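Engineer: pasting a predicted model and its sequence here:
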Amino acid sequence: MSIPHDEIPITVSCAVMTISDTRTEDSDRSGQLIQTRLQEKGHVIKDYLILQDDPQAIIQQVSNWAQLSDLDVIISNGGTGIAPRDTTYDALSSILEKTLPGFGELFRYLSYQEIGSRAIASRAIAGIYQNTLIFSLPGSSNAVRLGVEQLILPELSHLVSQLRGH
């Protein structure tokens, strides 16, 4: 009997990017939470940084990371709302080669159960860019916890296995 994809334990190589004009490494609870949860599941953090919410800088950093042959996943947090400085969604959606619409849909559904109709303002998105899996979450720690624990971690090994052609 074969093991379902989501039960195959694989180590995933990740980069974490916090999009914020105000956070520092000391105050970035969301970025730290993402890293901690990934490492608890045996995944590896290859890089972590904080970028200002600038579309060109976001695209450039994602492009740089996507060139690394040993990097499987990029998880960003922040910049997914509708305020004038929230440009992460716009930057990432412009370069994704494939999208995973179910990620944003399920994220907003789960968020709605926690915060009500404010969930409609979230522009969480996921997809593929240059064979790298990308997840973009809101910056709040509660949103990050929800996205990482309920959506990303349960499917991460399966999605990366698919990208690797297994």
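Structural biologist: That came through fine.
Engineer: can you pull out the strands in the protein?
Structural biologist: For the chain, the strands defined by DSSP state E occupy 13-19, 44-51, 73-77, 98-99, 125-129, 132-137.
Engineer: CSV for those, including mean pLDDT and distance to Leu38?
Structural biologist: Every residue, glycine included, has its C-beta placed from N, CA and C. Formatted as CSV, the strands of the chain follow (pLDDT from 0 to 100; distance: least, CB to CB, whole Å):
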stretch, mean pLDDT, distance to Leu38
strand 13-19, 98, 5
strand 44-51, 98, 6
strand 73-77, 98, 8
strand 98-99, 97, 22
strand 125-129, 98, 15
strand 132-137, 98, 11
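Engineer: in TSV: these, plus distance to Ser111 and mean neighbour count.
Structural biologist: Output for those, formatted as TSV (distance: least, CB to CB, whole Å; neighbours: other CB atoms under 10 Å):
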stretch	distance to Ser111	mean neighbour count
strand 13-19	18	24
strand 44-51	23	16
strand 73-77	14	26
strand 98-99	18	12
strand 125-129	14	21
strand 132-137	10	26
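Engineer: now for these, which one comes closest to Ser63?
Structural biologist: Closest approach to Ser63 among those (CB to CB): strand 125-129, 8.0 Å.
Engineer: who touches that closest one?
Structural biologist: Residues outside strand 125-129 that contact it (CB atoms under 8 Å, 6 or more residues apart in numbering): 62, 66, 80, 89, 92-93, 95-100, 103-104, 133-136, 163.
Engineer: ok, now with 10 Å
Structural biologist: Strand 125-129 has contacts (CB atoms under 10 Å, 6 or more residues apart in numbering) with 59, 62-63, 65-66, 73-76, 80, 88-90, 92-93, 95-104, 106-107, 133-137, 147, 151-152, 155, 159, 162-163.
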